[in-house]
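A.B. asks: here is the input, now give the coordinates:
(one chain, ligands or ions: 2)
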Amino acid sequence: MDPAGIVARLRELASERGFDRVGVARLEPSPHGEAYRSWLKKGHHAGMEYLAQRVEERLDPRTILPGARSALCVALQYWPLADAEEPSGDLWPRVARYAHGRDYHNLMGKRLKRLAKTLREEFAPCQTRAYVDTGPVLERELAAKAGLGVVGKNTCLLRREGSWFLLGEILLTLELPPDEPLTDLCGRCTRCLEACPTEALSEPFHLDSSRCISYWTIEHRESVPREMRRQIGDWVFGCDICQEVCPWNIRKGPVGEETDFHLPSQRQDLDLIQLLALPRDEYRERFRGSAMQRARLEGLKRNAATAMGNRGDEKYVAPLATALAQEEHAAVRCHAAWALGRIGGEPALRALTGARETEGEAEVLAEIDQALAELAANAGAPLPTGLPGGAKRP
Ligand code: SF4
Ligand code: SF4
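C.D. replies: Ligands and ions are numbered 1, 2, ... in the order given. Reported below is the predicted structural model:
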């Protein structure tokens, strides 16, 4: 079969596996090596140390698989979905849309592996290596070369039909004719840069992960620095703001057919209050097969507490007080204390003062004291006796 015939067959097979778009990129050293190293040097990969590993492979994908010549890049639309409405409730609007349903790593990974097996069989002795957001591959760069989209100023891959799609790729030892890259779609638009609440997009095409809500709510373990908490707003997992404001997403784009990306019944009724109090066995049931497991239960609870504090609704005081008194993880208790300080009022003050009598961790005690100090400052009232600081029980 000639190379063009092979590409036509690859498109056919990828489409049969349920992928919405397919493109081919030639494998060659990245032209963005210097920019990538500079991004790492500035620490803009935040705590994601894996991004600083296997850099040579990332910058030259031919080194990942000996003899690799081309990449088959695929895209799968996850939003909007046919027969799916925007989920309601006080939690789901604030979970990044890609994470509402089944974990895409799992869903796309299985399909790509099956597709790679077929390719090895049909085009022997072709060798393959498949990845979905996991390998040492600059997958947006590859997908852009394969014509699946163009990198926007928000650093997402963008098409005229929008950016609500996920990427995967199979490296191949076949030499194939590449697709044509698309041309710039941003022009003079700067909406995403202006809308980002944390200034993570301080310059076009450049993401400082150490300021991005997605990083803090998903990747970061332990407490989130206080200066970031207000800016996180009520996002519980990830953030979609810089995509939501993009004019290409506001237009009516294509509709995904993948029912596995629908919010499943076991999570539909979950709200912030339930999430904050979720027992581990129920968490396993509710979040089985979900990408949200990446944040772990304690991370989701911490994020729920942050969201409650930023919403400022007094209905959250009682669940936050319970979390502050009973939660196992210090980071959850820290954020519960902070949130009570944000919400304020007599019940929050009582909860913080009571927790101060029983809390044994210095980190949490410091949060309680700070919350009490802020409450007192806001009320213009003197602090309760002995606060803040002072001797703490072991
Ligand atoms: Fe900013 Fe949110 Fe986009 Fe991160 S995901 S760059 S925090 S708008
Ligand atoms: Fe580009 Fe504007 Fe979309 Fe940002 S919001 S990615 S600048 S088109």
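
A.B. asks: for ligand 1, see how far away G354 is.
C.D. replies: Applying C-beta to the nearest ligand atom, to the nearest Å, the value for G354 to ligand 1 is 35 Å. Any C-beta I mention is one placed from the backbone N, CA and C, and that applies to glycine too.

A.B. asks: which element is the nearest residue to that residue once chain neighbours are set aside on?
C.D. replies: Distances taken as C-beta to C-beta, 6 or more residues apart in numbering place A325 nearest to G354, at 7.4 Å, with adjacent residues excluded. Following DSSP states H and E, one finds A325 within helix 317-326.

A.B. asks: helices or strands next to that helix in the packing?
C.D. replies: Applying 3 or more C-beta pairs under 8 Å, 6 or more residues apart in numbering; DSSP states H and E, one finds that helix 317-326 makes contact with helix 272-276, helix 296-311, helix 330-343, helix 346-358.

A.B. asks: let me have those helices in JSON lines, adding mean pLDDT as columns.
C.D. replies: Listed next are those as JSON lines, based on pLDDT from 0 to 100:
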{"stretch": "helix 272-276", "mean pLDDT": "98"}
{"stretch": "helix 296-311", "mean pLDDT": "98"}
{"stretch": "helix 330-343", "mean pLDDT": "98"}
{"stretch": "helix 346-358", "mean pLDDT": "97"}
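
A.B. asks: any chance of these in TSV, plus mean neighbour count?
C.D. replies: Formatted as TSV, the entries for these read as follows, by neighbours: other C-beta atoms under 10 Å:
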stretch	mean neighbour count
helix 272-276	21
helix 296-311	25
helix 330-343	27
helix 346-358	18
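
A.B. asks: before we move on, back to that, hmm, the residue nearest to G354 is touching E357, no?
C.D. replies: No: counting by C-beta atoms under 8 Å, no contact exists between A325 and E357, whose distance comes to 10.2 Å.

A.B. asks: quick check: P254 touching Q77?
C.D. replies: Yes: between P254 and Q77 there is a contact under C-beta under 8 Å: 5.9 Å.

A.B. asks: on that earlier part again, for ligand 2, find the nearest of the helices and strands packed on helix 317-326.
C.D. replies: Between ligand 2 and those, the tightest spacing by C-beta to the nearest ligand atom is seen for helix 296-311, at 24.1 Å.

A.B. asks: how far away from the center of its chain is that closest one?
C.D. replies: In terms of C-alpha atoms, centre = their mean, to the nearest Å, the centre of helix 296-311 is set 15 Å apart from its chain centre.

A.B. asks: pLDDT at the nearest residue to H45 once chain neighbours are set aside, what is it?
C.D. replies: Closest residue to H45 apart from its sequence neighbours, by C-beta to C-beta, 6+ apart: L51 at 4.2 Å. At L51, the pLDDT value in this model is 94.
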